[in-house]
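Q: After the sequence you'll find the predicted model.
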Amino acid sequence: MTTPLREPLPGPRDEPCDTRPDTRSGREPEPGLSARFTTRHRGGPAVTARLEVAPGRTTVLFGPSGGGKTTILRTLAGLLTPDHGRITCAGTTWYDSVGRVLVPTRHRRVGHLFQDYALFPHLTVTGNILYGLRRASRSHRAARLAELTGLLGLTDLLDRRPAQLSGGQAQRVALARALAPEPRLLLLDEPLSALDTPTRTAIRADLRALLRTLAIPTVVVTHERAEAYALGDDLTLVVDGATPQSGTVEHVMDHPVSPAVARALGYENLLPATTIRPGVHRPVGGGCLRVPSPTAPGTGVLLAVRAEHVALGEPGTGDGPFSAPAPDDTAPDDRVPGAVLGTVLDTTPEGPLHRTRLRLPDGTVLTALTPVRDRPPPPPGRFVTAVPDPDRVAVLTAPSR
């Protein structure tokens, strides 16, 4: 049995690598993925990542394009070498800048689903799936092929070539190829982005069910909120080469830690407000809004709310579920929602929804995304009230001026 590959960085030697757990440090092997590293490369920012992914759980790398998500994925796969840090998976050290350890890609047993699937056009479905098992026994290859094609519904497609497959079929073939070598880590780079919307929606549930059955850590890259909710257990936000917030998908999406994080998570609206008493805040020119927060009275805050959680109504008429703004800062009725009066700038149809932009008294532009069936969109120049749903508002500390 060969010993683990431990060599001067950065260049790995071309020799076999033992993937037994690393116990030389005397610590218990980490059962899942543990990664802390910084990677620099030409044409992009330095990317610093901190990830902990338990076996059987899926972590989503979420954030705007160009933030460093794919760089993190390629570093985990061994396609990029970090400047410093440590990566372990299943108790095996893959990279350690202090211990001068570097395990090359081919010895990491990583399943990697690329954004464009990267199927070999000259190979059949069978040839693509078994590509990573060329050195395995014939019986093992046959068993894995039968298992994966049955699991992913590919049994009737074995003799087809990639040009004869639909987008959904190609995605399943690429996933089967990634799973064939029984990887210790599964990496999915924008796995549904190449599909049309109906196919993407249909495949989400199937892919999520499959990921739940795997007893390995999985990392998924996406910038789509719906995909993050559908596929992930946990979420790490990646913005400008940093990972400013991590947690469960629901917690991170609903509790941004800063205005910059809120923007990256899709909060279109950051409304200036003042805390008037514990848990009660008044937007500029609006009524009281009850949202629990530790901010002290008199503190300037920002109320972060997504466009789909803002309702519109007629001002001062009681029309819809709103009331006019409370008359003063000491109004005892905390049930009055924080309605703000704004002037409609424009309205854009988005299928069954309308996106309406309002200008508020302080010049802030607020966006509301409302169902068409609720009411016709207000015309430009119209005065309307906008009411954030207090259960979907995050209270953030306003940046100091």
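A: Nice, I can see it.
Q: ok, T105 - how many residues close by?
A: 14 (other CB atoms under 10 Å). Bear in mind the C-beta positions are built from the backbone N, C-alpha and C, glycine included.
Q: Next up, the contacts around the nearest residue to it once chain neighbours are set aside.
A: What sits nearest to T105 in space, not counting adjacent residues and going by CB to CB, 6 or more residues apart in numbering, is G78, at 3.6 Å. Applying CB atoms under 8 Å, 6 or more residues apart in numbering to G78 gives the contacts W94, Y95, V103, P104, T105, R108, V110.
Q: any idea how far I72 is from the most centrally placed residue in the chain?
A: In the chain, the residue lying closest to the centroid (CA atoms, centre = their mean) is F62, at 2.8 Å. Going from F62 to I72 by CB to CB, to the nearest Å gives 11 Å.
Q: Downstream of the longest helix along the chain, the next helix or strand is which one?
A: Criterion DSSP state H: the longest helix present in the chain is helix 197-213. Counting by DSSP states H and E, the next helix or strand C-terminal to helix 197-213 is strand 218-222.
Q: Against which helices or strands is that next one packed?
A: Counting contacts by 3 or more CB pairs under 8 Å, 6 or more residues apart in numbering; DSSP states H and E, strand 218-222 packs against strand 47-53, strand 58-62, helix 69-77, strand 185-189, helix 225-231.
Q: Toward the C-terminus, what is the element adjacent to the third one?
A: Right, helix 69-77. Following helix 69-77 toward the C-terminus (DSSP H and E): strand 84-89.
Q: Run through the residues that contact the closest residue to A54 other than its chain neighbours.
A: Leaving aside its chain neighbours, A54 sits nearest to G32 (4.3 Å; criterion: CB to CB, 6+ apart). Residues in contact with G32, defined by CB under 8 Å, 6+ apart, are E52, V53, A54, P55, R57, C89, A90, P217.
Q: Show me what counts as buried in the helix or strand of the chain with the lowest mean pLDDT.
A: Lowest on mean pLDDT, DSSP states H and E among the helices and strands of the chain sits helix 197-213, with a mean of 83. Buried residues in helix 197-213, counted by 16 or more other CB atoms under 10 Å: T199, R200, I203, R204, L207, R208, L210, L211.
Q: surely the last one meets P55?
A: No. With contact defined as CB atoms under 8 Å, L211 does not count as touching P55 (11.8 Å).
Q: tell me, how many neighbours does R144 end up with?
A: 20.
Q: And the pLDDT at it?
A: According to the prediction, R144 has pLDDT 93.
Q: cool, R74 as well?
A: 94.
Q: residue contacts, it?
A: L80.
Q: Just give me the neighbour total for T385.
A: 25.
Q: and the nearest residue to it once chain neighbours are set aside, how far is that from G298?
A: Leaving aside its sequence neighbours, T385 sits nearest to A339 (CB to CB, 6+ apart; 4.3 Å). A339 sits 22 Å away from G298, taking CB to CB as the criterion.
Q: Of those two, which one has the most company?
A: Applying other CB under 10 Å to A339 and G298 shows that A339 carries more neighbours, namely 29 against 9.
Q: Would you confirm that the more buried one contacts G286?
A: Yes. With contact defined as CB under 8 Å, A339 counts as touching G286 (5.8 Å).
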